[in-house]
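S.K.: Generate coordinates for the sequence data below:
(one chain, ligands or ions: 2)
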Amino acid sequence: MPFRHVAIIGLGLLGGSIGLAVQQALPGTQTSGFDLDPASRARARDRGLVGSVAETAAAAVAGADLVIFCVPVGAMAAAAASVAGALAPGALVSDVGSSKLTVARALAEALPGAAIIPAHPVAGTENSGPDAGFASLFRQRWCIITPPADASLAQLTALSQFWEALGANVEVMTAEHHDLVLAVTSHLPHLIAYTIVGTASDLEAVTRSEVIKYSAGGFRDFTRIAASDPTMWRDVFLSNRDAVLDMLQRFTEDLTELQKAIRKGDGETLFEHFTRTRAIRRSIIAEGQDDARPNFGRGEQAEA
Ligand SMILES: NC(=O)c1ccc[n+]([C@@H]2O[C@H](COP(=O)([O-])OP(=O)(O)OC[C@H]3O[C@@H](n4cnc5c(N)ncnc54)[C@H](O)[C@@H]3O)[C@@H](O)[C@H]2O)c1
Ligand SMILES: O=C(O)C(=O)C[C@]1(C(=O)O)C=C[C@@H](O)C=C1
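M.R.: Ligands and ions are numbered 1, 2, ... in the order given. All right, here's what the predicted structure looks like:
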């Protein structure tokens, strides 16, 4: 294993899952961690999310050769600043933030001279905090690594091997490309879910109890996504603003096309569109990309 000691800053869903996964998959690797919230530190100790929970970020990173920031993207700058001057010589700094361009800039500004290779495991649930983490979160999921142009190949390889050891499949791309792709595959779907659940509950003619009662089908899936952490998602939309607004514009245009087809009674357009999207879903399943875990996001955490 390329790293002897992994330090995790932020011990919520992502940080806790990394800590548990490292202890399970890489038992020879030392783990330490810190969370700004004292209650989360206490809970992280109770659950054994990392080998040792420190009382300061600087103490957590002392001697670590890999430091991973697992805090909301809007808190990356402050978290990185809290370890400035405390990093071991040659330590590699990474993160798990859902957007990459602004995070890469924040880390580089707070830690000048440090080796930084940002990453994003595309794996999560609607739950957050130290109780949400579980060791199998990254299994058979993508981890996108976005190295800066001058990143060391040896460190990129080491970080890829680390994520593969936790069960992830690694893909390397630029931060710009990452932010564009994730804007449409992750950020926009969350925005749509937040919108539709709000719209349904605001509808005066439909009572809140009816929304709950009849949400067994498609709407229920939206409510799961719309239960995602408000701090995390506020930060994602503010940090990936340009790509999200671009995708939202395209989405709005496509929605207007379907709206027009419905108004004009144009069944052919609707049928063709739905046939195309059904084929996309089926090809995802055929390629084995769908989440095979039956209870994913609905209680599998208990397994950790
Ligand atoms: N939740 C997901 O599905 C998911 C998936 C992939 C990546 N991510 C990214 O991972 C990161 C963490 O998300 P999460 O879901 O684990 O959130 P979380 O809320 O479960 O955990 C974040 C933790 O960071 C702590 N924190 C905040 N500021 C801090 C600071 N300055 N120093 C130390 N600790 C601090 C909080 O107290 C909290 O415990 C975010 O950047 C998010 O975009 C989330
Ligand atoms: O399954 C979920 O609950 C998720 O939303 C996970 C999800 C996603 O959109 O795929 C959410 C944010 C991340 O940055 C990565 C993964």
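S.K.: Show me what counts as buried in the longest helix belonging to the chain.
M.R.: Assignment by DSSP state H gives helix 241-264 as the longest helix of the chain. Residues of helix 241-264 classed as buried: A243, V244, M247, L248, A261 (neighbour count, 16 or more other CB atoms under 10 Å). Every C-beta, even on glycine, is put in place using the N, C-alpha and C of the backbone.
S.K.: for this structure, which spans come out with low pLDDT?
M.R.: 204-205, 288-304 (pLDDT under 70).
S.K.: Show me which residues of it are close to ligand 2?
M.R.: With CB under 6 Å from any ligand atom as the criterion, the chain meets ligand 2 at residues S98, V122, A123, G124, T125, E126, S186, G297.
S.K.: returning to that earlier point: restrict the buried residues of helix 241-264 to contacts with ligand 1.
M.R.: Among those, not one lies near ligand 1 by CB under 6 Å from any ligand atom.
S.K.: Isn't F134 up against S17?
M.R.: Yes. Assessed by CB atoms under 8 Å, F134 is found in contact with S17 at 5.9 Å.
S.K.: for the residue of the stretch 151-300 of the chain found nearest ligand 2, phi and psi?
M.R.: Of all residues in the stretch 151-300 of the chain, the one sitting closest to ligand 2 is S186 (3.3 Å; CB to the nearest ligand atom). Main-chain torsions, S186, degrees, to the nearest 10: phi -130, psi -50.
S.K.: Neighbours of it, how many?
M.R.: Neighbour count of S186, defined by other CB atoms under 10 Å: 18.
S.K.: what's the answer for the one 10 residues further on, then?
M.R.: I196 is surrounded by 16 other residues when neighbours are defined as other CB under 10 Å.
S.K.: any idea which element the closest residue in space to it that isn't next to it in sequence lies in?
M.R.: Closest residue to I196 apart from its sequence neighbours, by CB to CB, 6 or more residues apart in numbering: F222 at 5.3 Å. Using DSSP states H and E, F222 maps to helix 218-226.
S.K.: Show me what that helix is packed up against.
M.R.: helix 188-202 (3 or more CB pairs under 8 Å, 6 or more residues apart in numbering; DSSP states H and E).
S.K.: for whichever helix or strand comes after the helix it packs on, packing partners?
M.R.: Downstream of helix 188-202, the first helix or strand assigned by DSSP H and E is helix 208-213. For helix 208-213, the packing partners by 3+ CB pairs under 8 Å, 6+ apart come out as helix 188-202.
S.K.: Can I get the helix it packs on as PDB, trimmed to CA atoms?
M.R.: Extracted as PDB, the C-alpha positions of helix 188-202 are listed here (Å, rounded to 0.1, in the frame of the first residue of the first chain):
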ATOM      1  CA  LEU A 188     -29.000  19.000 -12.000                       C
ATOM      2  CA  PRO A 189     -30.900  15.800 -10.800                       C
ATOM      3  CA  HIS A 190     -30.600  17.000  -7.200                       C
ATOM      4  CA  LEU A 191     -31.800  20.500  -8.200                       C
ATOM      5  CA  ILE A 192     -34.800  18.900 -10.000                       C
ATOM      6  CA  ALA A 193     -35.600  16.700  -7.000                       C
ATOM      7  CA  TYR A 194     -35.400  19.700  -4.600                       C
ATOM      8  CA  THR A 195     -37.700  21.600  -6.900                       C
ATOM      9  CA  ILE A 196     -40.400  18.900  -7.500                       C
ATOM     10  CA  VAL A 197     -40.700  17.900  -3.800                       C
ATOM     11  CA  GLY A 198     -41.100  21.600  -2.900                       C
ATOM     12  CA  THR A 199     -43.600  22.100  -5.700                       C
ATOM     13  CA  ALA A 200     -45.700  19.200  -4.600                       C
ATOM     14  CA  SER A 201     -45.800  20.200  -1.000                       C
ATOM     15  CA  ASP A 202     -46.600  23.800  -1.900                       C
END
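S.K.: quick one: it to helix 241-264, angle?
M.R.: Following axes from the mean of the first three to the mean of the last three CA atoms, to 10 degrees, one obtains 60 degrees for the angle between helix 188-202 and helix 241-264.
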